[in-house]
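Novice: Predicted model follows, preceded by the sequence.
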Amino acid sequence: MKTLICMPTYNEAENIDRIVPAVLAAVDGIEILIIDDASPDGTGAMADALAEADPRVHVLHREGKAGLGPAYVAGFRWGLDHGYGAMIEMDADFSHQPEHLPELVAQLGRYDVVIGSRYVAGGGTTDWGLVRRLISRGGGFYARAILGVDVRDLTAGFVGWRASSLERLNLDAVEAAGYVFQIEMKYRAHQLGLSILEVPITFPDRVAGESKMTPAIALEALWRVWKIRYK
């Protein structure tokens with residue numbers, strides 16, 4: 001399938017010129033859409049330069065920082081409009097490693113949704129502190145218990161989708177803007193009966209740039225999971 005990497009960016013100038021060639025080298029025929037939310041550090045201009053140099057790179061500029069969920073939804077819509085058969089969510093900071101892409105792409109030939117999972121056999125994290133590990137594990141258990149979804153890594157952000165699956169999801173109805181977007185999307189896929197596979201990945205901490213995760217974002221997920229469940 002013609003596959004598009006959807007890569008939201010905000011202040012990723014330290015990473016963007018390294019991650020793009022690494023992704024393009026990982027899988028033959030893959031293309032990238034950089035979705036930049038008006039990064040003040042010049043990420044958008046760097047993305048434009050990469051797109052001018054390589055026709056496999058595309059850029060979608062947005063007017064300002066509006067959250068992870070809307071960025072991905074905009075990217076998915078762009079991909080659907082341009083005829084891609086599959087799309088993969090991927091961070092720009094090397095926490096999602098390009099070496100895992102061939103497996104995700106291959107499995108999308110058989111499954112509707114393929115999740116790069118830290119919490120199945122063979123998966124894991126590196127360079128994470130104890131508090132971060134506890135929050136991640138605890139948050140996943142909390143969400144699974146409320147939603148009744150048998151996905152080990154509900155908060156995973158390295159996720160492949162068939163275009164047909166995204167069309168069935170009704171992107172207009174997706175509400176979450178923050179990282180709880182990842183939970184909402186998987187819950188919607190589960191409710192539709194889509195086939196879901198988790199493949200193991202190793203998830204390191206970012207080396208360059210600053211994390212966008214804040215305590216407020218983590219707390220938002222606590223109550224939004226209930227809203228997802230009962231709406």
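Specialist: Cool, got the structure. All values reported here derive from a predicted model rather than from experimental measurement.
Novice: can you pull out the strands in the chain?
Specialist: 3-9, 31-36, 57-61, 86-89, 113-117, 124-126, 159-162, 196-200, 202-204 (DSSP state E).
Novice: Next, the contact list for the closest residue in space to Glu31 that isn't next to it in sequence, please.
Specialist: Closest residue in space to Glu31, ignoring its immediate chain neighbours: Arg56 at 4.6 Å, by C-beta to C-beta, 6 or more residues apart in numbering. The way it works is simple: take the backbone N, C-alpha and C, and place the C-beta from them, glycine included. By C-beta atoms under 8 Å, 6 or more residues apart in numbering, Arg56 lies in contact with 24, 30-32.
Novice: do you know how far Arg56 is from Asp91?
Specialist: Applying C-beta to C-beta, to the nearest Å, the value for Arg56 to Asp91 is 19 Å.
Novice: Check the gap between the closest residue to Leu24 other than its chain neighbours and Ile5 for me.
Specialist: Here the nearest residue to Leu24 in space, its sequence neighbours aside, is Arg56; by C-beta to C-beta, 6+ apart that works out to 5.9 Å. Using C-beta to C-beta, Arg56 is found at 10 Å from Ile5.
Novice: what do these two both touch?
Specialist: Joint contacts of Arg56 and Ile5 (C-beta under 8 Å, 6+ apart) are 30-32.
Novice: if we can go back for a sec, if I look at the residue nearest to Glu31, what pLDDT would I see?
Specialist: At Arg56, the pLDDT value in this model is 98.
Novice: packing partners for the lengthiest helix in the chain?
Specialist: Ranked by residue count and defined by DSSP state H, the top helix of the chain is helix 130-147. With contacts defined as 3 or more C-beta pairs under 8 Å, 6 or more residues apart in numbering; DSSP states H and E, the packing partners of helix 130-147 are helix 180-191, helix 215-230.
Novice: picking up where we left off before, out of the shared contacts of Arg56 and Ile5, who has the most neighbours?
Specialist: In terms of neighbour count, Ile32 stands highest of those at 25 neighbours, by other C-beta atoms under 10 Å.
Novice: average model confidence for stretch 111-123?
Specialist: On average, the pLDDT along stretch 111-123 is 95.
Novice: what's the span of it, first residue to last?
Specialist: 19 Å (C-alpha to C-alpha, to the nearest Å).
Novice: One more: stretch 91-99?
Specialist: Per C-alpha to C-alpha, the first residue of stretch 91-99 is 13 Å away from its last.
Novice: low-confidence ranges in the chain?
Specialist: Applying pLDDT under 70 to the chain flags residues 132, 138, 205-221, 223.
Novice: No more questions from me, cheers.
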